[in-house]
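>>> show me the folded form of this:
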Amino acid sequence: MIDRRPFDSLGGANHGWLDAKHHFSFANYHAPARMGWGALRVWNDDTIAPQTGFPPHPHADMEIITYVREGAITHQDNLGNKGRTVAGDVQVMSAGSGITHAEYNLEAGNTQIFQIWIIPDEHGKPPSWGTKPFPLGDRSGRFVTLASGFNDDADALPLRTNARVLGATLKAGETAVYDLDTTRYAYLVPAKGKIEVNGLALDARDGAAIRNESKLTVTALEDAELVLVDTAA
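Residues are numbered from 1 along each chain as shown. Take a look at the predicted model:
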């Protein structure tokens, strides 16, 4: 089962400095049929104007993954962490028992991000933050794990949840395959480009909510950049 969530059906609000689209209920957008997908709770598609951003604010007991699509995001938190994550790269914040952070676009142009929240398996752990480069060329034609709660994914940023966040880049006409346990939930969004997943067409920034599928066959109809989340129920 694959349920297409067209980009123009997403909730959201334009705050001037922030143009936010929500795949799931978030802030003032409430859709009872879109409260999450398995352990995936939030997928926001944010465009942040230059020299603006989110001032310090708290989080607790959530795995927060930021995938930078364009520009760069600069992070600072009350643990003393500071870092700049650029387009194509990923940061993970495990909010745990509590963390206060700020996220700014200090670049000359807009920054575009996917912010993904996944419910952790355990609560109250010490908070942490990390970032890592993932060159787009290294995931050409295949899915690469960017963040993971599985010990076998040694090259990925760690998550405290039974989930993976994966990325792929495909040239027009290329196909990538991902084997999926039929008990799992998956959510796929093309950051760029038009694709087909198991024969269903998706435009850039559409979502695909996936269940009861044993294999995902993704074909790029034009050059594409993909983000996939695979979570437990």
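
>>> quick check, central residue of this structure?
residue 116 (4.2 Å; CA atoms, centre = their mean).

>>> what about that one, distance to residue 140?
22 Å (CB to CB, to the nearest Å). Every residue, glycine included, has its C-beta placed from N, CA and C.

>>> check contacts around residue 86.
Residues near residue 86 by CB atoms under 8 Å, 6 or more residues apart in numbering: 68, 71, 72, 133.

>>> report the two of those separated the most.
Taking CB to CB as the measure, these span a maximum distance of 15.1 Å, between 71 and 133.

>>> sorry, back to before: closest one of the contacts of residue 86 to residue 108?
Using CB to CB, residue 71 comes nearest to residue 108 of the contacts of residue 86, at 8.8 Å.

>>> now the closest residue to that closest one other than its chain neighbours. Its backbone dihedrals?
Of all residues not flanking residue 71 in the chain, residue 111 sits nearest, at 3.2 Å (CB to CB, 6 or more residues apart in numbering). When read as degrees, to the nearest 10, the backbone of residue 111 gives phi -110, psi 140.

>>> residue 111 contacts residue 52, doesn't it?
No - using CB atoms under 8 Å, residue 111 is not in contact with residue 52, being 9.3 Å away.

>>> what is in contact with the two at once?
What both residue 111 and residue 52 touch, as defined by CB under 8 Å, 6+ apart, is the set residue 105.

>>> neighbour-wise, which of those two wins?
Neighbour totals were compared for residue 111 and residue 52, and residue 111 leads with 26 against 16 (other CB atoms under 10 Å).

>>> gap between the more buried one and residue 180?
Distance from residue 111 to residue 180, by CB to CB: 31 Å.

>>> try residue 66
From residue 66 across to residue 180, the span is 24 Å (CB to CB).

>>> repeat for residue 137
Using CB to CB, residue 137 is found at 25 Å from residue 180.

>>> neighbour count for these two, which is higher?
Each of residue 137 and residue 180 has its neighbours counted (other CB under 10 Å); residue 180 has more, 18 against 8.

>>> got the contact list for the host helix or strand of residue 75?
Applying DSSP states H and E as the criterion places residue 75 in strand 72-77. The contact list for strand 72-77 (CB under 8 Å, 6+ apart) reads 48, 53, 66, 81-87, 91, 93, 99-107, 111, 113, 127, 129, 131.

>>> emit the ChimeraX select command for whichever of these are buried.
Entered in ChimeraX, the line below selects the buried ones among these, by 16 or more other CB atoms under 10 Å:
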select :48,53,66,81,85,87,91,93,99,101,103,104,105,107,111,113,127,129,131
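
>>> in strands, which of the contacts of strand 72-77 appear?
Those of the contacts of strand 72-77 mapping onto strands are 48, 53, 66, 82-86, 91, 93, 99-105, 111, 113, 129, 131, per DSSP state E.

>>> burial measure for residue 38, as a count.
Other residues near residue 38 come to 22 when the count uses other CB under 10 Å.

>>> now do the helices in this structure.
Along the chain, no segments are classed as helices by DSSP state H.

>>> residues contacting the residue nearest to residue 181 when sequence neighbours are not counted?
Of all residues not flanking residue 181 in the chain, residue 214 sits nearest, at 7.7 Å (CB to CB, 6+ apart). For residue 214, the contacting residues are 179, 180, 181, 182, by CB under 8 Å, 6+ apart.

>>> quick one: the last one and residue 216 touch, right?
No - counting by CB under 8 Å, residue 182 sits too far from residue 216 to count as a contact (11.7 Å).

>>> who has more neighbours, these two?
Each of residue 182 and residue 216 has its neighbours counted (other CB under 10 Å); residue 216 has more, 20 against 9.
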